[in-house]
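**Student:** Have a look; sequence and predicted model below, questions after that.
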Amino acid sequence: MTSPTPSEPAAVAVELERLRGTMETGFARVDGSLALLVQRGEQTDRQLADHEARLDTLERSRWPLPSLAALVAIVGLLLTLWQAGAAR
């Protein structure tokens with residue numbers, strides 16, 4: 001049996017089948033890569049949400065510095081007034 005020439009319909013069909021196989025392989029590879037990217041994106045979203053929750057917890061549990069400074073100033077003022085009253 002001889003090979004068909006490139007202009008024969010059988011040769012065109014063979015080449016189209018090869019092209020189809022190559023395209024299917026390429027699409028499968030792209031689909032796998034996209035699935036991996038989606039999985040990594042979801043992991044990143046979960047990690048970001050976890051970090052946000054931890055940061056919110058830390059922010060709620062710390063003393064606000066301006067309030068602490070005001071409290072120290074008031075205690076200092078009261079001690080000064082008490083010492084001035086005790087010295088008389």
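**Tutor:** Okay, I see it. Residues are numbered from 1 along each chain as shown.
**Student:** Can you tell me the element L36 falls in?
**Tutor:** In this assignment (DSSP states H and E), L36 forms part of helix 9-61.
**Student:** right, and the helix or strand after that helix?
**Tutor:** Next element after helix 9-61 (DSSP H and E): helix 65-87.
**Student:** Convert that following helix to CSV, retaining C-alpha atoms only.
**Tutor:** Extracted as CSV, the C-alpha positions of helix 65-87 are listed here (Å, rounded to 0.1, in the frame of the first residue of the first chain):
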residue,chain,number,x,y,z
LEU,A,65,-2.4,53.6,73.1
PRO,A,66,-4.2,57.0,73.3
SER,A,67,-6.5,55.6,76.0
LEU,A,68,-3.6,54.3,77.9
ALA,A,69,-1.8,57.6,77.7
ALA,A,70,-4.8,59.5,78.9
LEU,A,71,-5.2,57.1,81.9
VAL,A,72,-1.5,57.6,82.8
ALA,A,73,-1.9,61.4,82.6
ILE,A,74,-4.9,61.4,84.8
VAL,A,75,-3.2,59.2,87.4
GLY,A,76,-0.2,61.5,87.3
LEU,A,77,-2.4,64.6,87.8
LEU,A,78,-4.2,62.9,90.7
LEU,A,79,-0.9,62.0,92.4
THR,A,80,0.4,65.6,91.9
LEU,A,81,-2.7,67.0,93.4
TRP,A,82,-2.6,64.5,96.3
GLN,A,83,1.1,65.4,97.0
ALA,A,84,0.4,69.1,96.8
GLY,A,85,-2.5,68.7,99.3
ALA,A,86,-0.4,66.5,101.6
ALA,A,87,2.5,69.0,101.7
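**Student:** How far off centre is it?
**Tutor:** When distances are taken as Cα atoms, centre = their mean, to the nearest Å, helix 65-87 is centred 47 Å away from the chain's centroid.
**Student:** Many thanks, have a good one.
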